[in-house]
Each structure stands twice: as C-alpha cells, then as structure tokens.
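In: heads up, no residue letters with this:
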C-alpha cells in the first residue's frame, strides 16, 4: 500500500476508483493496439495509452503528494504529441506512395515527363533541369565536353589534359572539362 498524503477517506476512495478505471482503460487500449485492424487504429490506441499513462501519473501524484509526477506527466504528454505527429506523417507518406504505386500499375499515372513519380529524360538531353534557360558552369562544361568528345578522333591519347592536342582543355578519359580546382 502506498503512503498517502490524503487525509480524507472519501478522496482516497475516489483516487483508488480512478486508478481502477485507468487500469481498465489501459487494457482496452492495449487490446486495440494488438487487434488493429489498421495502422491508424493502432496509432490512436498508442496515443490513448500514453494519455492514460499521464492520468496514472497525475493520480499517483495526488495519492503520494509528490509534485514531480505532474512534471513527468507533462513531459510524457509533449512526447506523445510529437510521436503522434511523426506517425501521422509516416502514414500520410505511406498512403501517398501506395496511391502512386497502384495508379502506376494501372497505367493511369503520368504527367508530362513524369511517369509513376519518376522523371524520364529524353535520349541525348542532359540529366539536369535548367531553369529559365540559364546553364550553370557545370552544365556548360559538360555540354562542351560532350561536343568535344564527339568530334574527337578515335586515335587520340586517353590521358589528354588541358593544352594537349585536339581536346583543347577537355579530359579525354572522362569526357569532361577541367574543373577550376585542377
């Protein structure tokens, strides 16, 4: 038996009755976690179990007269809230991915150059999206390198570097322009 800070027998009886009701609520919550049927039901049941635990902590704080249990209940409430948000985002992302997968399997999901959520590039086009028609330095170097590589004759030296022959600053072994840090 717990040493009680409660002097009134009526209040002590109410506290013990509330502990019994909270115990029954915890059993119902765990039954829902085990039974399911869906992931959403399980998430709600876990959330409910954490709030019932907060009730246990608050009731025990009243019973024992120690205020530290109230602080623990508040921290548990914050953690339960954050956990619920994280699980909700997981469920949302999972259901969205399942929707895309089922639409892709049925052949219904395609928009422009996106098929099934994957970007498809045309042959010969750079694998980089360029906004507003402006090329970055790297894209310009790749374009120059691919042009120089195509015009390069088959007998060129594989170890060509800047200033060595027909590549004019293009690395023949990889087909790319020299970087600024070379």
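Out: Received it, and whenever you're ready, just let me know what you need. What you see is a predicted model, and the numbers here were worked out from it, not measured in a lab. Residues are numbered from 1 along each chain as shown.
In: burial count for the closest residue to residue 56 other than its chain neighbours?
Out: Closest residue to residue 56 in three dimensions, ignoring its sequence neighbours and counting by C-beta to C-beta, 6 or more residues apart in numbering: residue 22, at 5.4 Å. For every residue, glycine as well, the C-beta is placed using N, CA and C. Residues contacting residue 22 under the criterion other C-beta atoms under 10 Å number 18.
In: Give me the secondary structure label for residue 22.
Out: Using DSSP: H, G, I helix; E, B strand; the rest coil as the criterion, the local structure at residue 22 reads helix.
In: Return the residues in contact with it.
Out: If you count contacts by C-beta atoms under 8 Å, 6 or more residues apart in numbering, residue 22 has them with 52, 55-56, 59.
In: Take the residues you listed and keep only those in helices.
Out: With helices identified by DSSP state H, the entries of these that belong to them are 52, 55-56, 59.
In: for those, which one is nearest residue 85?
Out: residue 52 (19.3 Å; C-beta to C-beta).
In: Can you get me a residue count around that closest one?
Out: Residue 52, neighbours per other C-beta under 10 Å, totals 20.
In: do the same with residue 86
Out: Close neighbours of residue 86, defined as other C-beta under 10 Å, add up to 11.
In: And for the one 10 residues further on?
Out: Residues within reach of residue 96, counting by other C-beta under 10 Å, total 11.
In: Model confidence score at it, please.
Out: Residue 96 carries a pLDDT score of 70 in this model.
In: Tell me the buried residues in the helix or strand that it is a member of?
Out: According to DSSP states H and E, residue 96 maps onto helix 68-106. Within helix 68-106, the residues scored as buried using 16 or more other C-beta atoms under 10 Å are 69, 72-73, 76, 80, 87.
In: Lowest mean pLDDT among the helices and strands of this structure, which one is it?
Out: Least confident helix or strand of the chain, by mean pLDDT, DSSP states H and E, is strand 114-115 with a mean of 48.
In: Which neighbouring elements make contact with the helix holding residue 96?
Out: helix 39-64 (3 or more C-beta pairs under 8 Å, 6 or more residues apart in numbering; DSSP states H and E).
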